[in-house]
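Novice: Okay, sequence plus prediction incoming.
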Amino acid sequence: MTSDIVTLAHGSGGRAMQEFIRRELMPICDQELGRALEDAARLPFADGWLTFTTDTFTVQPLEFPGGDIGKLAICGTINDLAMRASQPLYISLSLVIEEGLKIDTLRRLLGSIGAAARENNVAIVTGDTKVVGKGQADGLFINTAGIGKPMMEPLPGVTRAQVGDKVLINGPVGEHGIAVLVAREGLQLQTELESDCAALAGLVADMVAAGGRAIHTLRDATRGGLAAVLNEIAAASGVGIEIDESRLPQNPAVMGACEILGLEPLEVANEGKLVAVVAPDAAPQILEAMREHPLGRQSAIVGEVMEGNRVTLKTLYGTSRIVDMPSGELLPRIC
Amino acid sequence: MPTSELAAQVADIAGQLSKQTTRPMRFMEVCGTHSMAVARYRLRQLLPDNVRLISGPGCPVCVTPASEIDAAIALAKRPDVTVVTFGDMMRVPGSDGSLALARAAGGQVQVVYSPMQALELAVRRPDRHVVFIAVGFETTAPGVACAVQEAHRQQVDNFSILCSHKLIPPAMAALLESGEVAIDGFLCPGHVSTIIGTTAYEPLVRRFAIPCVVAGFEPLDIMRALAALVAQVVSGQARVENAYERAVQPEGNQKAQQLISRVFEVTAAEWRGLGVIAASGLRLREEFSHFDALKRLDIELRPVPENPACHCGEVLRGVMEPHECPAFGRACTPEHPLGPCMVSSEGSCAAAYKYR
C-alpha cells in the first residue's frame, strides 16, 4: 500500500520519513554541502567554517509540563548546532500564528523564547511573522534557523562512528514524548513527569573540553527516539551498534506509561538527550565530564559499536533483539 | 525485586524447563500483549528446543474481518462523521486505504485512549456524528459498555459504535475443534482473564482436556506459566491454573461482566482467518440498538475477498508462524503492510518484525 498523499508517518522521524527524505528531498539538495543528513551543515566561511541549521516546531499543547513551543524552538535549534560541536551564535525566528491565538499566550511564549535565548547566549537576529486564518495552523508554528561556530575539527558526524567506539547517553529516554502525550490527551495518569526540553550546548562544550576529537558522533534523540538515532548512525557509518538494556538509565514514570500505552520507550521523543559515540580510551573521561554537568547527572555508557549493520539490544534476560527504525507515528494500543 | 534477581529467576526456570521437557511441546498464547512481550524480550531464545510457543488469534484488530475495517474507513470518509478509534486501527489496510489515509485525505479521525473520550467528544461537538470503533476482547468491552450506558443516560444522540467486540474462549474452542493445529496447552491472556476469571476456561479443559494457564506479562510471569504448562503435560494433567494471582480472581471482575451483559448480548461473529464462530461476539442489546453505527448511518457490511498474498488468516490460526509467511519482511512490512498482523501494535507479525 503506497500512498499518493502525505501522511503523518512522513514526519515521524522513522523509516517513512527517511524514505521521503532520500527520494524527494535529496535530489534537490546541494551535491557537496547538503547531502550529509547531519543535524547542521558545515559551510565554508571566510578562512574557516560555520555551521548552519534550520528547524520547524509544531506541538500540541503549546505549553506542557517542562516547557513550551518557544523554549522547544530555541533549545532544538541550539541542539542541532551543538551536535556538530558548535557554539550557537545567531538564530532567526519566524512565527506562523493562527488567527484567534490569545495575545496572553503569545506573550508568554515569546517571553519563554527570550529567556531561553538569553540563558544560552544566542542572539535572535532576524525573523518574520505571518498570521493565517482560523483552522489553517494549529495555534502557532515556529520556524528557526541557526548559525554556529565549530569548536573543533573535524566535526562530529553521523558517518564517523567506528567499530570499538563506546555509545553514551546523558540520561533516561522518553520524558518529552510522554509528558506531551499525557498533557495533550488529558490522560488520567498521575505523574509529575516533565519534558526534558533543554539546550545541550553547555554539556557538549564540557564534553569537547574533556574528549575533543575522540568524540566521533553526536546526535540528539528527538523524534523517533533513541531507536531512530542509533539506526541513523549505524546506517550512515556502516556499523552495527549493541546496547545493553541493564545500563540504560530509566525513568520509572516513562517506563510505566509506556507499558500502559503499549509504546516502546526507545522510540519515544526526547528534547534534551544526546547520543555520543566516542573512542573507547576517552569514554571514561567524557562520561565524567557529562556527569558533572547538570544535564548529564545520569549519563551512562550504554553500548558499543560493532561490526555489522544492525542495532541490537541485549535484554535484561540475556537475550538479544533488534532495535528497528520506528515505522511511523506512535499509536497507543487497545489494552 | 532487582532486575538482576529477576533475570536469575527467569534463567533458573529456563534451566528447569530444558530438564523437564522430554518430548516436543507446542503452546499457544492468545493475547497480543503476550506476543509483544515474548518478542520484545526474545523469550523464545530461552526456551529449550522442544518447547515451541506460537501466537494465536490474540490481537483484536487483526481478527477484525476486512468487511468491518472497510466499514470503518467508509465512515471516516463521510463528511458528517468523526471516527474515533484506538491507535492500533489507524494503519490497518482495508480494500481501499486505511483510517490513516482517510484522515490524511480530509476525513475526521481521532485516536483516543478510552471510549469515554469518544462520548465526551460527541457531547462537545453536537454538530458531528461521532462513531467509536469498538474493537477488542472482554478487556475492552466493559469500557465501551460504560460509554454506551452513559450516552443512553445522557440521551446523547450523535454518538454510536461500530461494534466488533469478540470473546476469547469460543475462539480457543474453535481452534481445538478444527484440529488444524496441534496444541499441548494454552497460555491464557492475563488482561482478558482479569475480567472473565479463571473459571471461564473450565468448560474448555473439560471438553478438550487441554492445560490452560493464565499468565501475566513480565518475562518471569510468562516463564512461570510455561513451566506450569510443561509440568501439566509431563504429569498427564489438564486443568486451569492461575499464574497471574496478583491480578486475576477465579470469578473475574463481576461488575465488569454485569456491565457487558447489561449493554451487549452474545452473538455469532466473523473472525479474520477463523470464519464465523458461534457465540463468539457481542452485539448491542435492543434497548441500546440506537447506538449501533451500522443501523444509524445505514452502512452495510460487504464481504471482501481476502488478498491471496496475505497469510494473516493462517498466522492467526497458528498454522503459520510470521517468519514462515512468504510475504513477511518482503512484500509485507510495517510501511507497506498486506494485512493487519503487520501493523497492529499487538499483531504477531508486527512483533516478530519489530524485534526480529
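Specialist: On my side now, so go ahead.
Novice: Distance-wise, check the residue sitting nearest the centre point of chain A relative to residue A:229.
Specialist: For chain A, residue A:222 is the residue whose C-alpha lies nearest the centre (Cα atoms, centre = their mean; 2.9 Å). Residue A:222 sits 8 Å away from residue A:229, going by Cβ to Cβ, to the nearest Å. For glycine as for every other residue, the C-beta is placed from the backbone atoms N, C-alpha and C.
Novice: Show the contacting residues for residue 229.
Specialist: This is for chain A. Applying Cβ atoms under 8 Å, 6 or more residues apart in numbering or on different chains to residue A:229 gives the contacts A:219, A:220, A:221, A:275.
Novice: that's the wrong chain, I meant chain B
Specialist: B:25, B:27, B:184, B:185, B:187, B:211, B:213.
Novice: now, among these, which is nearest to chain A?
Specialist: residue B:187 (16.5 Å; Cβ to the nearest Cβ).
Novice: rewinding a little: tell me the SS of the residue nearest to the centre of chain A?
Specialist: With DSSP: H, G, I helix; E, B strand; the rest coil as the basis, residue A:222 sits in coil.
Novice: Checking the closest residue in space to it that isn't next to it in sequence next. Helix, strand or coil?
Specialist: In space, and not counting its chain neighbours, residue A:222 is closest to residue A:269: 5.7 Å by Cβ to Cβ, 6 or more residues apart in numbering or on different chains. Assigned state for residue A:269: coil (three-state reduction, three-state DSSP).
Novice: Contact partners for residue A:269?
Specialist: Listed by Cβ under 8 Å, 6+ apart, the contact set of residue A:269 reads A:13, A:174, A:176, A:177, A:180, A:221, A:222, A:223, A:224, A:225.
Novice: and the fifth one, what element?
Specialist: Element membership for residue A:180, per DSSP states H and E: helix A:175-185.
Novice: Export only the CA atoms of that helix, formatted as CSV.
Specialist: In CSV, the C-alpha atoms belonging to helix A:175-185 read as follows (Å, rounded to 0.1, in the frame of the first residue of the first chain):
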residue,chain,number,x,y,z
GLU,A,175,10.4,12.1,29.0
HIS,A,176,9.4,14.7,26.4
GLY,A,177,7.2,12.4,24.4
ILE,A,178,5.3,11.0,27.3
ALA,A,179,4.9,14.4,29.1
VAL,A,180,3.4,15.9,25.9
LEU,A,181,1.2,12.9,25.3
VAL,A,182,-0.1,13.0,28.8
ALA,A,183,-0.8,16.7,28.6
ARG,A,184,-2.3,16.5,25.1
GLU,A,185,-4.7,13.6,25.7
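Novice: gap between the helix or strand that that helix is followed by and the chain center?
Specialist: Next helix or strand after helix A:175-185 toward the C-terminus (DSSP H and E): helix A:201-211. Taking Cα atoms, centre = their mean, to the nearest Å, one finds helix A:201-211 lying 17 Å from the centre of the chain it belongs to.
Novice: if we can go back for a sec, format the contacts of residue A:269 as TSV; extra columns: pLDDT.
Specialist: Below are the contacts of residue A:269 laid out as TSV (pLDDT from 0 to 100):
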residue	pLDDT
A:13	73
A:174	96
A:176	96
A:177	94
A:180	92
A:221	96
A:222	94
A:223	90
A:224	91
A:225	95
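Novice: Turn these into a markdown table, columns for distance to residue A:323.
Specialist: As requested, the contacts of residue A:269 are exported to a markdown table (distance: Cβ to Cβ, whole Å):
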| residue | distance to residue A:323 |
| --- | --- |
| A:13 | 14 |
| A:174 | 14 |
| A:176 | 19 |
| A:177 | 16 |
| A:180 | 22 |
| A:221 | 12 |
| A:222 | 17 |
| A:223 | 16 |
| A:224 | 11 |
| A:225 | 10 |
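Novice: Now the buried members of the residues you listed.
Specialist: Restricting these to buried positions leaves A:13, A:174, A:176, A:177, A:180, A:221, A:222, A:223, A:224, A:225, with burial counted as 16 or more other Cβ atoms under 10 Å in any protein chain shown.
Novice: neighbours around residue A:121, how many?
Specialist: Other residues within reach of residue A:121, judged by other Cβ atoms under 10 Å in any protein chain shown, total 13.
Novice: SS state for it?
Specialist: Under three-state DSSP, residue A:121 comes out as coil.
Novice: average pLDDT for the lengthiest strand in chain A?
Specialist: In chain A, with assignment by DSSP state E, the single longest strand is strand A:86-98. Averaging pLDDT along strand A:86-98 yields 97.
Novice: List the buried residues in stretch B:20-27.
Specialist: B:20, B:21, B:25, B:27.
Novice: can you give me the helices for chain A?
Specialist: Taking DSSP state H to define them, one finds helices in chain A at A:15-20, A:69-82, A:103-119, A:175-185, A:201-211, A:225-237, A:252-261, A:283-292.
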